[in-house]
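>>> Based on what follows, work out the 3D shape:
(chains A and B)
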Amino acid sequence: MKPASFIHHRPSTIDEAVQLIARHAPEDGRILAGGQSLVPIMAFRMAKPPHLIDINEIAELDLLEIAGDALRIGARIRHSAFGRDRIPGPTGALLATIMRNIAHHPIRTRGTFCGSLAHADPASEWCAVAAVMDAILVARSIEGEREIPVRDYFEAVMTTALRPDEILVEVRLPLLPTGTRFGFCEFSRRAGDFALAMVLVTMRIEQGRIVDPRFGIGGAEAFPRRLPQVEAILNGAAPDGLTWARAAALAAESLDPLEDAVTSGDYRRDLVRSLSIRAFTQVEA
Amino acid sequence: MTKQDITLDVNGRRYAISVEPRKTLADALRDECGLTGTHLGCEHGVCGACTIIVGGETVRSCLMFAVQATGRTIRTIEGLADGNDLHPLQRAFMQNHALQCGYCTPGFLMLAAGVLEQNPDIDDKELIDVLSSNLCRCTGYENILAAVRAAAAEMRAPT
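Have a look, this model is predicted:
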C-alpha cells in the first residue's frame, strides 16, 4: 500500500502549472489537488503517475466568490469551505447541505470541489450538483482557456472532456434564483461511503404550482445528468404526493443503471424512486 | 528515486528529514521522526487511524505526502498531553472506557481534538457524523461518543 515513485512538482502559479502538465501529460503526469481520490488510487498502484503537479501552493486557485449571476469556485477550494456560510441564498444552503454528505470530516478538509469534477466518480455529489445547476467548467492549458458546459463534460465513468494536458482551474455555478427550494437525498451502505444513488431537485413554488424545476440523479448511472422528462412532469404541477409519485416512477423508469456484483439495476431503480420521493418531501417542508 | 531534504514542524519541534516524494506524511512521522503514535490501518483513507492535525485541520496523514507538509504546523497524538497532564479527551477516554485494543485511539483523539477546537459547541448530530469518520472494530462507538461529550463539556467549562 505504498505509492510508486514520482517526481513532485510544486508550481506557485497557474502559468507554471500548465507548462508542467503540458510537458508531463504525455507520460501520464497528473494534477494533485486534495489527493483524497488520487492518493488511494496510487496506494493501490492502480495509477503510477511518474510526475505529480501539485497545485496546492497556487494562491490564485483560492477563488470563491460571486461574480454576476454565478458562483466561481477555484481549484483549491476544499469541500469544507461550503459549510461556513460564505455563500448567501439558496445556492449557499444547497452547497452546505450537500457538502455534509461527502465522505467524512477529515476528507472534506482536503478534498476539493474541482478535484471531484476532474475525477468524475459516478458517486460524486459535486458532479451531480454541477449537472443539475448547469455548471460551466473552465479548463486551462498552454493553449489558453476554454469553457466547457457541463452537458458536454461527462463522457463515461471517470471520463470527461478534460484533456490530459488541461487543468480544471475553476467551476462556475449559475446562482439559484431567490425563493428556490431544494431537496437532496442519497443512499450508501455505510455513513460516508460511495452513494449507490442520489437525487437532487430544485424548484420554486408560485401560486401553488411548481416553477423552474430541475431534477437530476447521480451515483446510479455512469455519470450524473438531469432528467428532462421528469422535469416536464413537475413543471406547472401541484407540489403534492401525486406529482411526486408520478415523477419518481418516471425517474426510476428512465434510468440506465450501473450494475455490479452486489448492486443490481433493479435495486438502483428502486433506490432512485425512493430517494426521489424523499427529496421531493424535503422541498415541500 | 531521489530523496528530498525537508523539515517538518511536529508538536512544536522541527525534524530535518530526507524522504522520497512518495512517502506519505504518516510514514514519515513514524519512520523518519520516530513518532509511532500515529497508527496506520488501511493506508487508503478509509479507517482514520492516521488522523492528525495539519494547519489546524484534521486530515488523514496517509493521504498526504510528507513533502506537502513542509511549512505547516503538524500536531500528532504525542503532542496532545501537556507533559504529564493528560488532555481532557485522553482522561475522558479512560473514564468512559472509550478504548479497548487502542489501535484506533490516537486517530479518534486527534479527530475529536481538531473538531472540538473549531467547534466547541458541537451538537450531537454533528458529533456523530464526525465520529463516523473513523473505524473502531472493538465497537466502542457509544463509549467514544460519551467520552467526547464529557471532554467537550469540560473544555467549555470556565476555568
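>>> Strands of the stretch 101-250 of chain A, start to end?
Assigned by DSSP state E, counting those that start in this stretch, the stretch 101-250 of chain A shows strands spanning A:136-141, A:144-149, A:154-156, A:159-160, A:167-174, A:181-187, A:197-206, A:209-218, A:225-226.
>>> mind putting those strands in JSON lines, mean neighbour count included?
Any C-beta I mention is one placed from the backbone N, CA and C, and that applies to glycine too. What follows is these, written out as JSON lines (neighbours: other C-beta atoms under 10 Å in any protein chain shown):
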{"stretch": "strand A:136-141", "mean neighbour count": "21"}
{"stretch": "strand A:144-149", "mean neighbour count": "12"}
{"stretch": "strand A:154-156", "mean neighbour count": "15"}
{"stretch": "strand A:159-160", "mean neighbour count": "16"}
{"stretch": "strand A:167-174", "mean neighbour count": "23"}
{"stretch": "strand A:181-187", "mean neighbour count": "22"}
{"stretch": "strand A:197-206", "mean neighbour count": "24"}
{"stretch": "strand A:209-218", "mean neighbour count": "22"}
{"stretch": "strand A:225-226", "mean neighbour count": "20"}
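>>> Look up which helix or strand residue B:135 falls in, please.
Following DSSP states H and E, there is no helix or strand that holds residue B:135.
>>> So what's the residue count around the closest residue to it other than its chain neighbours?
Nearest non-adjacent residue to residue B:135, counting by C-beta to C-beta, 6 or more residues apart in numbering or on different chains: residue B:47, 4.5 Å away. Number of residues near residue B:47 (other C-beta atoms under 10 Å in any protein chain shown) recorded here: 22.
>>> how far out from the middle of the chain is stretch B:135-148?
Taking C-alpha atoms, centre = their mean, to the nearest Å, one finds stretch B:135-148 lying 15 Å from the centre of the chain it belongs to.
>>> Output that stretch as CSV, nothing but the C-alphas.
What follows is stretch B:135-148, C-alpha atoms only, in CSV (Å, rounded to 0.1, in the frame of the first residue of the first chain):
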residue,chain,number,x,y,z
LEU,B,135,-13.3,2.9,12.4
CYS,B,136,-13.3,1.2,15.8
ARG,B,137,-13.7,-2.5,15.4
CYS,B,138,-13.9,-3.2,19.1
THR,B,139,-17.2,-1.3,18.5
GLY,B,140,-16.9,1.2,21.2
TYR,B,141,-18.7,4.0,19.5
GLU,B,142,-21.2,4.6,22.3
ASN,B,143,-18.4,5.0,24.8
ILE,B,144,-16.3,7.1,22.4
LEU,B,145,-19.3,9.4,21.9
ALA,B,146,-19.8,9.6,25.7
ALA,B,147,-16.1,10.4,26.2
VAL,B,148,-16.1,13.2,23.6
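>>> Format the strands of the stretch 101-250 of chain A as JSON lines; extra columns: mean pLDDT.
Shown next, in JSON lines, are the strands of the stretch 101-250 of chain A (pLDDT from 0 to 100):
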{"stretch": "strand A:136-141", "mean pLDDT": "98"}
{"stretch": "strand A:144-149", "mean pLDDT": "98"}
{"stretch": "strand A:154-156", "mean pLDDT": "98"}
{"stretch": "strand A:159-160", "mean pLDDT": "98"}
{"stretch": "strand A:167-174", "mean pLDDT": "98"}
{"stretch": "strand A:181-187", "mean pLDDT": "98"}
{"stretch": "strand A:197-206", "mean pLDDT": "98"}
{"stretch": "strand A:209-218", "mean pLDDT": "98"}
{"stretch": "strand A:225-226", "mean pLDDT": "98"}
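>>> Before we move on, what's the pLDDT of residue 26?
All of this refers to chain A. With respect to pLDDT, residue A:26 scores 97.
>>> that's the wrong chain, I meant chain B
Reported pLDDT for residue B:26: 98.
>>> Please apply the same query to residue B:159.
The score at residue B:159 is 65. That number is its pLDDT.
>>> could you point out the longest helix in chain B?
helix B:141-156 (DSSP state H).
>>> what number of residues lie near residue 95?
Just going to use chain A. Residue A:95 has 24 neighbours, counted by other C-beta under 10 Å.
>>> that's the wrong chain, I meant chain B
13.
>>> doesn't residue B:147 make contact with it?
Yes. Counting by C-beta atoms under 8 Å, residue B:95 does reach residue B:147; the two are 7.2 Å apart.
>>> Contact partners for residue 122?
Since you didn't name a chain, this refers to chain A. In this structure, residue A:122 makes contact with A:157-158, A:218-224, A:258, judged by C-beta atoms under 8 Å, 6 or more residues apart in numbering or on different chains.
>>> meant chain B, my bad for not saying
With C-beta under 8 Å, 6+ apart, residue B:122 has these contacts: B:115-116, B:130, B:152.
>>> Which positions in chain B make contact with chain A?
Contact residues (C-beta under 8 Å from any C-beta of the partner chain) of chain B with chain A: B:1, B:4, B:20-22, B:24, B:27, B:42-45, B:48, B:51, B:57-60, B:62-65, B:67-68, B:111, B:115, B:129-130, B:132-134.
>>> Now for the contacts of residue B:122: which two are most distant?
Using C-beta to C-beta, those span at most 11.2 Å, a distance reached by B:130 and B:152.
>>> returning to that earlier point: how about JSON lines for the strands of the stretch 101-250 of chain A, with distance to chain B added?
Below are the strands of the stretch 101-250 of chain A laid out as JSON lines (distance: least, C-beta to the nearest C-beta, whole Å):
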{"stretch": "strand A:136-141", "distance to chain B": "22"}
{"stretch": "strand A:144-149", "distance to chain B": "27"}
{"stretch": "strand A:154-156", "distance to chain B": "24"}
{"stretch": "strand A:159-160", "distance to chain B": "22"}
{"stretch": "strand A:167-174", "distance to chain B": "18"}
{"stretch": "strand A:181-187", "distance to chain B": "14"}
{"stretch": "strand A:197-206", "distance to chain B": "17"}
{"stretch": "strand A:209-218", "distance to chain B": "20"}
{"stretch": "strand A:225-226", "distance to chain B": "28"}
